[in-house]
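A.B. asks: I need the structure of the sequence given here:
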Amino acid sequence: MNSRAAPITLALLTLAAAATILFYSLRPTNINNAATGAAPPAHAVETPTAKPPPRIAVLSPALAVMLSDLGAAPSIVARHGYDMILDKSLPSCGDQSGIDYESLLSVRPTHVLIEWGSRPLPERLVELSASHAWNVRAFTLLSLDDVTRSLVELSTTLKDARLDVSERSAALAATLGDSTRPRPDLARLDGVLLLMSVRPPAALGPGSVHHEILTRLGATAALTKPSPYVELDTEDVRHLAPGVIVLVTPRAAGAAPVAKDTPEARRLLLGPLSALDIPAVQSDRIIVIDDPLALLPTTRLADFAKQLGDRLEALAR
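C.D. replies: Next comes the predicted model:
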């Protein structure tokens, strides 16, 4: 070591020694560990407890469809008695006539989603939700706006439960909106009558989501009576004299289409109405939509709206 470097090296060594002494003199000690001689724990920082995965009891066939479309079906632990798409091995926990509370308690839900109309929620459900910390959400599904609002609420509820489906929710809402855009050609058609049965005739009128879709598409409805469900008779249908009849007759889930799309098959499905002297029958302007989910107010209405619009547009041309 040369004479000029020696003092510098000595100074550095002295500073290092002083720093070491200062470090150990100021370091905090764990009193319990010092007393017992035990080593300090490897992880001293506590982390918040993670939320458990959601367990959803969905007491509505329509909400079950929407949850499935959102990709949340694996989180469903119980279904409605008349559910149409969920695994039948899932426990049924009731329907619109009442809730099976014993079955509901057995699945230990974190969330209970229900479609209960304008009625107050059952007192027993409210009591159990308080004592078991269930997140109960009641939905109304009567219009297209109800469907899109419910999509947003479902997305928010799932996100709070650490299931982020916001992108899928936005995509479904956009598809529904696109499927109901006006089609100018439909204005050429005479009145369109939406029927859901023929024995006796029963129509979907103003106030139903299907009538709303029909008018949003730009078609003229044959029925103007302000009621979502209207029972008719053959004379009523004769008086309405619709230019087009749309028969919405859902087939069973998983079943083949109810009939081939031929004039004979369509007239057969119309039953006694096929004998009426009305424009729709005379010109064979009869549309049959038998999608199993066609009558449910859900995100699948986009499929119904597209099929209805395409079929009406073909007639208008």
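A.B. asks: Tell me the helix or strand right after whichever helix or strand L247 is part of.
C.D. replies: In the assignment (DSSP states H and E), L247 maps to strand 244-248. Of the helices and strands lying after strand 244-248 in sequence (DSSP H and E), the nearest is helix 263-270.
A.B. asks: thinking again about what came up before, tell me what the strand holding L247 is packed against?
C.D. replies: Applying 3 or more Cβ pairs under 8 Å, 6 or more residues apart in numbering; DSSP states H and E, one finds that strand 244-248 contacts strand 192-198, helix 263-270, helix 279-282, strand 286-289, helix 301-316. The C-beta positions use only the backbone N, C-alpha and C, and glycine is treated the same way.
A.B. asks: ok, the fourth one: who's next to it in the sheet?
C.D. replies: The partner list of strand 286-289 in its sheet, established with DSSP bridges, is strand 244-248 (parallel).
A.B. asks: buried set for the partner strand?
C.D. replies: 244-248 (16 or more other Cβ atoms under 10 Å).
A.B. asks: and if you look at stretch 53-73?
C.D. replies: 54-70, 72-73.
A.B. asks: Kindly report the same for stretch 220-227.
C.D. replies: By 16+ other Cβ under 10 Å, the buried positions in stretch 220-227 come out as 220-223.
A.B. asks: which of those lies closest to R149?
C.D. replies: R149 has its nearest neighbour among these in A221, at 24.2 Å by Cβ to Cβ.
A.B. asks: residues touching that closest one, list them.
C.D. replies: Going by Cβ atoms under 8 Å, 6 or more residues apart in numbering, A221 touches 191-194, 205-206, 211, 214-215.
A.B. asks: Among the buried residues of stretch 53-73, name the ones in strands.
C.D. replies: 56-59 (DSSP state E).
A.B. asks: center of the protein, which residue is that?
C.D. replies: M66 (1.8 Å; Cα atoms, centre = their mean).
A.B. asks: got a list of what it touches?
C.D. replies: Contact analysis of M66 by Cβ under 8 Å, 6+ apart lists 147, 150-151, 154, 298-299.
A.B. asks: returning to that earlier point: what's the closest of the buried residues of stretch 220-227 to T175?
C.D. replies: A221 (23.9 Å).
A.B. asks: Can you read off the pLDDT for that closest one?
C.D. replies: We have a pLDDT of 98 for A221.
A.B. asks: try the one 4 residues further on
C.D. replies: The pLDDT attached to K225 in the predicted structure is 89.
A.B. asks: Leaving out the residues flanking it, which one is nearest to it?
C.D. replies: G205 (5.5 Å; Cβ to Cβ, 6 or more residues apart in numbering).
A.B. asks: Name the surrounding residues that touch stretch 176-187.
C.D. replies: 144, 147-148, 213, 216-220, 299, 301-303, 305-306, 309, 312-313, 316-317.
A.B. asks: Out of the contacts of M66, give me the one that has the most neighbours.
C.D. replies: The most neighbours of any of those, using other Cβ atoms under 10 Å, belong to T298, which has 28 neighbours.
A.B. asks: My guess is it contacts A62. True?
C.D. replies: Yes. Contact criterion Cβ atoms under 8 Å: T298 and A62 qualify, at 4.8 Å.
A.B. asks: shaky segments in the chain?
C.D. replies: Segments of the chain classed as low confidence (criterion: pLDDT under 70) are 1-50, 258-260.
A.B. asks: ok, now which ones touch the nearest residue to R251 once chain neighbours are set aside?
C.D. replies: Computed as Cβ to Cβ, 6+ apart, the closest residue to R251 that is not its neighbour in sequence is D290, at 4.6 Å. For D290, the contact set (Cβ under 8 Å, 6+ apart) comprises 249-251, 257-258.
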